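Enquirer: Sharing a sequence plus its predicted fold:
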Amino acid sequence: MIYRLGVDVGGTNTDAVIIDQDFQLVDSVKVPTTEDVSSGILKAIHDVLENAQIAKDDIRYAMLGTTQCTNAIVERKKLCKVGVIRLGSPATHSIEPMVDWPEDLREMVSNQYYIVKGGYEFDGREITPIDEEEIRSAAREMKGKVEAVAISCVFSHIRNEHEQTAARIVREELGDIPVSLSHEVASMGLLERENATMLNSALMKVAQTVTDGFKDGLSKEGINNAEIYLCQNDGTLMSAEYTKRFPILTVACGPTNSIRGASFLSKIKSAIVLDVGGTTTDIGVIVNGFPRESSQAADVGGARTNFRMPDILAIGLGGGTIIRGNDGEIKVGPDSVGYQITEKALVFGGDIMTATDIAVRLGLAELGDASKVAHIDESFAQKAMDRMMEKIEDGIDKMKLSAEPVPVVLVGGGGILVRDGLKGVAQVIRPDYFPVANAIGSAISQVSGTFEKLFTLDSISRDDAINQAKEEAIQSAVNAGADPQTIEIVDLEDVPLAYHPGNATRIKVKAAGNLAV
Amino acid sequence: MRKLDVQAIEDIASGAALLGAGGGGDPYIGKLMAMQAVKKYGDVMLMDPDEVPDDALVVPTAMMGAPTVLVEKVANGSEFKRAFENLERYYGKKIFATMPIEAGGVNSMIPLAVAAQMGVPILDADGMGRAFPELQMVTFHLNGVKSTPMAITDEKGNVAILETINNNWSENIARAMTVAQGGSVMISIYPMTGKQLKECAIKGIMSYSQEIGRAIRESNQYDIPPIKQLMDKIDGFELFKGKIVDVLRETKKGFNFGTVKFDGVEEYRGETCEVNFQNENLVAIKDGQVLVTTPDLVCMADLENVTPITTDGLKYGRRVLVIGLKCDDQWRTEKGIETVGPRYFGYDLDYIPIEQRMKGAK
């Protein structure tokens, strides 16, 4: 038997699961997340191995979903000094790199940027030819002052040669320095893509620590036979080597893993996922087994970026949400007793009425001491429950793509709050093992490849353009480690350009498949 | 004259995005251009049009083309310096001030960057009082102001000065040049005297945008009921509160055509509404009855926080406040309706002012 070990680091808990080759859950543990993150990961691995009692050599895959990279950016810790070369001059000088970054992040990450000749028009023509000497002298100026280099380029999604050439020159001058290229990191929108690329460069040291730390932890526990993978924002995996090059792609893997885990546990490929916690409920959408991506720019540590993030709506309702009643007016939250629920909620002997107390009063859950909520008027409790469910129904409705009723999969500890018969919902599914859905999500992940480009449909037909994009996406999934036999196209977007009389369209394709064994 | 600080620029960006009536693009890029210019060259002064001498030369400035291109191929920053130098040589006269041609995310911001860089005031006026898609759709055109001599500049250093026989030709030639130059160019257009400006510009647009933007910001900062806060600031009508149930889109000749359909929420429960758009929102219909048509404004904002929504941001499930605003009286003339009325955009509808339609509505 071959096994997979999945680990997911959350804000409160670090979960670990072991899954066998038939995708059956063997064992799972939950331990508190530690401040340094890594000792919590080690403890979770240790505990789950102790419980599972399997031959350690049979663990062939180890997957980690972690917040370490996110924390490094948010806390401004252990970030590399980054030099930036932007290819686009004479365009783009009107907005220089990092113009709207928070001052502290800017100081931490970079003081070195160069806007040099190069870049493309939307149809692939050069804005100006690249000037190798200009790049060489920028690289020389950075020598000794930066630990990593980020290279961005106007319309590098249409053509990437300028970025490639610049990377070669930088390496010739600076030797073995990590170089991030914007076309490999993020999508359309120069400034957002450049920001994502710079943050990626800034994470180079952290990425090394995370991947090496995971590897060392595994071997300390006697696991030496496993391939290591890290979870990305889009619900797919990347190898340890790939992670060292693209650590920024891990920053939102938490919600993604719980959505993927929910899909796996419920065996449903398209649904709304409700992850009900103590303070908030995260509502996500699973489409063809993957989280729907957000169309909004994502703020990472105060910098606006545009890479792949799951579309999550957080609403202010969780197990600890405070319920107030005044002259028949019932107010649900938005504040919560949060992690203090086990002291403050009525059923646990506290003196604050919470959403959990209402659920216990109505017999939806058995938790704490039910006699402590018996005094709540039943019709009050019903009305409070109605208000709570309206919030959830509204949230679900906002995330739906059509008016059709959808199935809802419930995960997370607060799932007991939710009753059946929600409006606009076909059925509520409560899978087994729902509290560790996120770690399961990390263990069962696939690998993917994405391709995005603006096509001018004068020289190529729309069908040919789409096919070309599909082939590129599949190739990129294969490069990431997917078994070609299992690759499917999981997402396809085709958005025409506004205010432009030419026939230009942006096509984006994502392909995903199982890990090649 | 008064100074516009960074907060003022933020507020103008947000308010102008509402007055863009669904069009005008995302203010993000324009705002950053304006901010960097202010950082580099100093503050911008906002001037009342009545303070402009009659013989002064005023040149409105804007970006033309696809906002999608501008977010990738950001401007150089010297486009307007070159445009102004060339126009000044052409006229043999200094340019006294600049101004926006329209209210909208991108084009309300660009003249701010120009004013900072060139050290000229920005005027509290524009030529649309909203956003429209074509160059001749300005009140300057209604009053016989010529769009040329017009400067088209790109990031590479190319400068073209156009002299055309009429403003529709300016649109056609400039549009073709925009494509050749990569889909996004900077234009300096409708040069006019202070006297012409006072006769035909729509006054107060920057202040109005700023006030709306401030109302939106403060309602979110201080937990003030946002819809009331917004409606108090604008001269308009609440048309509908609804949830988007369908968005139909089609692209023809570079324009996004479409219809968005709403089901009513709150006091509008049980009612339906739809808005037709061509980049900008053009017609609003409630339960089969036309409520507003262009040139009056149909604007949309998020129902919870009244953040403006452009047509790009329409998607199923979004809760939207639909409001109608009176357009400037200049649009309500025969030539105005011919230029931007419902029939110009292909709707078989007469233009009836919003306040009359609302009186007839239940």
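Expert: Sure, I can see it.

Enquirer: element containing residue A:73, please.
Expert: In this structure, residue A:73 sits in helix A:68-75 according to DSSP states H and E.

Enquirer: quick one: strands adjacent to the next helix or strand after that helix?
Expert: Note on helix A:68-75: by DSSP H and E, the next helix or strand toward the C-terminus is strand A:82-89. Here strand A:82-89 has these sheet partners by DSSP bridges: strand A:112-117 (parallel), strand A:148-153 (parallel).

Enquirer: if we can go back for a sec, and the helix holding residue A:73, what does it pack against?
Expert: helix A:204-220 (3 or more CB pairs under 8 Å, 6 or more residues apart in numbering or on different chains; DSSP states H and E). C-betas here are computed from N, CA, C, even on glycine.

Enquirer: Tell me which of the strands paired with strand A:82-89 is the most buried.
Expert: Ranked by mean neighbour count, the strands paired with strand A:82-89 are led by strand A:148-153 with a mean of 29 (mean count of other CB atoms under 10 Å in any protein chain shown).

Enquirer: quick one: contacts of that strand?
Expert: Applying CB atoms under 8 Å, 6 or more residues apart in numbering or on different chains, the contact partners of strand A:148-153 are A:80-88, A:97, A:118-120, A:139, A:142, A:160, A:162-163, A:166-167, A:170, A:174, A:177-183, A:190, A:193-194, A:197-198, A:200-202, A:204.

Enquirer: Thought residue A:38 was touching residue A:217, still the case?
Expert: Yes: counting by CB atoms under 8 Å, residue A:217 touches residue A:38, with 7.1 Å between them.

Enquirer: which of the two has more neighbours?
Expert: Ranked by neighbour count (other CB atoms under 10 Å in any protein chain shown), residue A:217 and residue A:38 place residue A:217 first, with 21 against 18.

Enquirer: what's the nearest residue to that one if we skip its chain neighbours?
Expert: Setting aside the residues directly before and after it, residue A:217 is nearest to residue A:42 in space (CB to CB, 6 or more residues apart in numbering or on different chains), at 4.7 Å.

Enquirer: Roughly how far does the one you found sit from chain B?
Expert: Note on residue A:42: its distance to chain B, by CB to the nearest CB, to the nearest Å, is 43 Å.

Enquirer: Would you mind finding the longest helix in chain A?
Expert: Assignment by DSSP state H gives helix A:378-399 as the longest helix of chain A.

Enquirer: which neighbours does the very next helix or strand once past it have in its sheet, and in what orientation?
Expert: Once helix A:378-399 ends, the next helix or strand along the chain (criterion: DSSP H and E) is strand A:406-411. In the sheet, strand A:406-411 lines up against strand A:271-276 (parallel), strand A:425-429 (parallel) (DSSP bridges).

Enquirer: Can you tell me which of these is most buried?
Expert: Highest mean neighbour count of these: strand A:271-276, a mean of 26 (counted as mean count of other CB under 10 Å).

Enquirer: which residues does residue A:297 contact?
Expert: Applying CB under 8 Å, 6+ apart to residue A:297 gives the contacts A:189, A:192, A:304-306, B:28.

Enquirer: dump the residue contacts of the nearest residue to it once chain neighbours are set aside.
Expert: Nearest non-adjacent residue to residue A:297, counting by CB to CB, 6+ apart: residue A:304, 4.9 Å away. Taking CB under 8 Å, 6+ apart as the criterion, residue A:304 is in contact with A:100, A:191-192, A:195, A:297-298, B:28.

Enquirer: What residues of the longest helix of chain A count as buried?
Expert: A:380-381, A:383-385, A:387-389, A:391-392, A:394-399 (16 or more other CB atoms under 10 Å in any protein chain shown).

Enquirer: ok, of these, which one's closest to chain B?
Expert: Nearest to chain B among these, counting by CB to the nearest CB, is residue A:398 at 4.3 Å.

Enquirer: helix or strand for the residue nearest to that closest one when sequence neighbours are not counted, which one?
Expert: Leaving aside its chain neighbours, residue A:398 sits nearest to residue B:317 (4.3 Å; criterion: CB to CB, 6+ apart). In the assignment (DSSP H and E), residue B:317 maps to no helix and no strand.

Enquirer: count of neighbours near residue B:317?
Expert: Counted with other CB under 10 Å, residues neighbouring residue B:317 total 18.

Enquirer: Could you list which residues are in contact with the closest residue to chain A within chain B?
Expert: With CB to the nearest CB, the shortest gap between chain B and chain A falls at residue B:77, namely 3.4 Å. By CB under 8 Å, 6+ apart, the residues touching residue B:77 are A:93-94, B:33, B:36-37, B:113, B:117.

Enquirer: Relative to residue B:111, how far out is it?
Expert: Distance from residue B:77 to residue B:111, counting by CB to CB, to the nearest Å: 14 Å.

Enquirer: same question, residue A:93
Expert: Distance of residue A:93 to residue B:111, given as CB to CB: 18 Å.

Enquirer: Next: residue B:334.
Expert: Noted for residue B:334: a distance of 30 Å to residue B:111, by CB to CB.

Enquirer: Which of those two has more residues huddled nearby?
Expert: residue B:111 (28 against 9).

Enquirer: residues touching the closest residue to residue A:76 other than its chain neighbours, list them.
Expert: Among residues not flanking residue A:76 along the chain, residue A:108 sits closest, at 5.0 Å (CB to CB, 6+ apart). By CB under 8 Å, 6+ apart, the contact set of residue A:108 is A:76, A:79, A:202.

Enquirer: tell me which element residue A:108 falls in.
Expert: Assigned by DSSP H and E, residue A:108 belongs to helix A:103-109.

Enquirer: Dump that helix to PDB, restricted to CA.
Expert: Extracted C-alpha coordinates of helix A:103-109, given in PDB (Å, rounded to 0.1, in the frame of the first residue of the first chain):
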ATOM      1  CA  GLU A 103       6.400  52.500   3.200                       C
ATOM      2  CA  ASP A 104       7.600  49.700   5.600                       C
ATOM      3  CA  LEU A 105       7.200  47.000   2.900                       C
ATOM      4  CA  ARG A 106       9.000  49.100   0.400                       C
ATOM      5  CA  GLU A 107      12.000  49.700   2.700                       C
ATOM      6  CA  MET A 108      12.100  46.100   3.600                       C
ATOM      7  CA  VAL A 109      12.000  44.700   0.100                       C
END
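
Enquirer: any idea how far the closest residue to residue A:290 other than its chain neighbours lies from residue A:413?
Expert: Distance criterion CB to CB, 6+ apart; nearest residue to residue A:290, sequence neighbours excluded, is residue A:235 at 5.0 Å. Applying CB to CB, the value for residue A:235 to residue A:413 is 22 Å.

Enquirer: Compare neighbour counts for the two and give me the winner.
Expert: Higher neighbour count among residue A:235 and residue A:413: residue A:235, with 30 against 18, using other CB under 10 Å.

Enquirer: Is it correct that that one is in contact with residue A:442?
Expert: No: contact between residue A:235 and residue A:442 fails when scored by CB under 8 Å: they sit 9.6 Å apart.

Enquirer: quick revisit: please tabulate the contacts of residue B:77 in TSV and include neighbour count as additional columns.
Expert: Listed next are the contacts of residue B:77 as TSV, based on neighbours: other CB atoms under 10 Å in any protein chain shown:
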residue	neighbour count
A:93	17
A:94	25
B:33	26
B:36	20
B:37	25
B:113	32
B:117	24
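
Enquirer: now, which of the residues you listed sits nearest residue A:127?
Expert: Taking CB to CB as the measure, residue A:127 sits nearest to residue A:93 out of the contacts of residue B:77, at 12.2 Å.

Enquirer: Quick check: phi and psi at the closest one.
Expert: Main-chain dihedrals, residue A:93, degrees, to the nearest 10: phi -60, psi -20.

Enquirer: Sounds good, over and out.
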